[in-house]
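Sequence first, predicted model second:
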Amino acid sequence: MRFLFICLSLVFISTSCKEIQKKSDTPSQVSIQEKRIEQIDYAKGFSITHYTNYKEIKVTSAWPDSEETFTYILTQDISTYDQQDENTVIVELPIKKMVAMSTTNIPSLEYLGVDDLLVGFPNPDYISSEKTRARIDKGEIKNLNSSIDINMELLLELAPELVIGFSVNGNNETLDKIAQFGIPVILDGAWTEQHPLGRAEWIKFIATFFDKETEAHEIFKQVERDYLAAKQIASHVIEKPIVFSGSPFKDTWNIPGGKSFVAKYLEDANTDYLWKDTPNTGSLQLNFESVLVKAQHAPLWIGAGSFKNKAQMHANSKNYALFDAYNNNNVYTYTNKIGENGGLLYFELGPLRPDIILKDIIAIAHPQLIPDYSPFFFKRLE
């Protein structure tokens, strides 16, 4: 086995060296042709340009406050292009085998009909999709251990032609190590978007690597239509219920900032979010006392962590009983759909289906607007 690993490593290193050697032509020299820029309506972190012989994707928001731009050249003939710098990756199409590093990629692959190309995933226990879990159970998707301590030997045996990764702050030794073996690594920055539809629109980014642009456009347009239709329904409400969100970890409460995607959901559902005026795009870290002063009498608590019932909340902290929402049974969490091994479908499917999340929140805040609707992701804690 060790001999096989060494041989494979040498092959990949050889391939990597071959790919990054300078060619006589660059994409700009090869294609003095018409170009078509893909329309991106909500997402801020990427762009797609189509040329006759290749596609060019630029990612400008791979992680929060990133100042780096990553360029991905997609072509059926990699011999024509050279890797111009360390942030340029040449990807040969078509992709026949790939690896994903985040459960949020699973729905996009399934919706686009390319989930059968997935051959490896780090710690697949957290994948909730029944369709993909069936492939895991059949051994068609291999467990790569973890994203921090990936099983590199197994990864090289699988020989994927693409790895869809992500980075929290730009430092990712695992992805760097994979790239050193000549395997194209791309960074999905959907999670950095502040508009729910912006996150969903990254399906166009994924689709480009599989020549599924038409399908991605249709999928996204339907999600957008449903989201805007739900927003329109909520816009007619005169009285906005006061809402707060978030939950504590140890002694710190993580409250969504006023410019975060969670706050955008609450705004579009026509609620009065208590921290809506804060400028933060991420979470606020507050102490218990400051949260209690502001939210004690709020009638609705939407997004109270991953608790499954009030008894579990009470066991975690008796202080929850100081909130009116807790005492009046108006605490809602996103634990209504739990995967076979405990993964929350909200985190997996939610980014691609913001329309469902918005409908859930509207049904909670304004039940009279959609009386026949049962929340999909959210549930009231009993």
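Thanks, I have it. Numbering: from 1, shown residues only.

alpha carbons only for contacts and neighbour counts from here, please
Noted.

Helix or strand for residue 168, just tell me which one.
Per DSSP states H and E, residue 168 falls between elements, in no helix or strand.

measure it to residue 176 for me?
According to CA to CA, to the nearest Å, residue 168 stands 14 Å off from residue 176.

And residue 323, by the same measure?
47 Å.

Tell me which of those two has more neighbours.
The neighbour count for residue 323 versus residue 176, taken as other CA atoms under 10 Å, is higher for residue 323 (20 against 12).

Am I right that the more buried one is in contact with residue 300?
No - between residue 323 and residue 300 there is no contact under CA atoms under 8 Å: 9.7 Å.

could you point out which element follows the host helix or strand of residue 255?
Following DSSP H and E, one finds residue 255 within strand 252-256. As assigned by DSSP H and E, the chain's next helix or strand after strand 252-256 is helix 261-268.

Pull up the pairing partners for the next helix or strand after that next one, direction included.
Once the chain leaves helix 261-268, the next helix or strand it forms, by DSSP H and E, is strand 272-273. For strand 272-273, the paired strands and their directions (DSSP bridges) are strand 242-244 (parallel).

who touches the partner strand?
271, 272, 273, 274, 275, 295, 298, 299, 300, 301, 302 (CA atoms under 8 Å, 6 or more residues apart in numbering).

Could I get the residues you listed in CSV, plus columns for neighbour count?
Shown next, in CSV, are the contacts of strand 242-244 (neighbours: other CA atoms under 10 Å):
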residue, neighbour count
271, 25
272, 17
273, 24
274, 17
275, 20
295, 23
298, 20
299, 21
300, 25
301, 23
302, 24
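
would TSV of those with pLDDT be doable?
TSV is the format used below for the contacts of strand 242-244 (pLDDT from 0 to 100):
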residue	pLDDT
271	98
272	98
273	98
274	98
275	98
295	97
298	98
299	97
300	98
301	98
302	98
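
Of those residues, just say which sits nearest to residue 122.
For the contacts of strand 242-244, the closest approach to residue 122 (CA to CA) belongs to residue 302, at 30.8 Å.

May I have the phi/psi pair for that closest one?
The phi and psi values for residue 302, taken as degrees, to the nearest 10, are phi -110, psi 120.

Number the chain from 56, please
All right, first residue 56 from here; so that's residue 357.

so what's it up against?
298, 299, 300, 301, 386, 387, 388, 416.

what's the most distant pair in those?
Applying CA to CA across these, the maximum distance is between 301 and 416, 14.3 Å.

Of those two, which one has the most company?
residue 416 (23 against 18).

I'd like the domain boundaries of this protein, if you could list them.
Per the record, the chain has its domains at 57-277, 290-435, by automatic domain parsing.

quick one: residue 291 from residue 418, how far?
14 Å.

Those two - which one has more neighbours?
residue 418 (21 against 10).

Distance of the more buried one relative to residue 289?
10 Å.

residues shared between the contacts of the two?
Contacts common to residue 418 and residue 289, judged by CA under 8 Å, 6+ apart, are residue 424.

Contacts only, for the closest residue to residue 295 other than its chain neighbours.
Computed as CA to CA, 6 or more residues apart in numbering, the closest residue to residue 295 that is not its neighbour in sequence is residue 326, at 4.7 Å. By CA under 8 Å, 6+ apart, the contact set of residue 326 is 295, 296, 297, 298, 420.

for the stretch 56-205 of the chain, what are the low-confidence residue spans?
56-88, 138-139 (pLDDT under 70).

Please, where are all the helices along it?
57-75, 82-85, 160-167, 185-192 (DSSP state H, counting those that start in this stretch).

Low-confidence bits of the stretch 256-405 of the chain, can you list those?
Along the stretch 256-405 of the chain, segments meeting pLDDT under 70 are nowhere present.

how about the helices in it?
Under DSSP H, counting those that start in this stretch, the stretch 256-405 of the chain gives helices at 258-263, 268-289, 316-323, 343-350, 365-371, 379-382, 400-404.

Now distance to residue 411 too, for those, in JSON lines please.
JSON lines is the format used below for the helices of the stretch 256-405 of the chain (distance: least, CA to CA, whole Å):
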{"stretch": "helix 258-263", "distance to residue 411": "16"}
{"stretch": "helix 268-289", "distance to residue 411": "8"}
{"stretch": "helix 316-323", "distance to residue 411": "11"}
{"stretch": "helix 343-350", "distance to residue 411": "26"}
{"stretch": "helix 365-371", "distance to residue 411": "24"}
{"stretch": "helix 379-382", "distance to residue 411": "23"}
{"stretch": "helix 400-404", "distance to residue 411": "10"}
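
related to what we said a few turns ago, nearest to residue 117, of the contacts of residue 326?
For the contacts of residue 326, the nearest to residue 117 is residue 298 (31.1 Å; CA to CA).

number of nearby residues for the closest one?
By other CA under 10 Å, neighbour count at residue 298 equals 22.

Could you do residue 111 as well?
18.

Check the offset of stretch 134-151 from the chain's centre.
The chain centre lies 24 Å from the centre of stretch 134-151; the measure is CA atoms, centre = their mean, to the nearest Å.

Same check on stretch 380-399?
With CA atoms, centre = their mean, you get 20 Å for stretch 380-399.

quick revisit: so which of the contacts of residue 326 comes closest to residue 261?
Nearest member of the contacts of residue 326 to residue 261, counting by CA to CA, is residue 420, at 33.7 Å.
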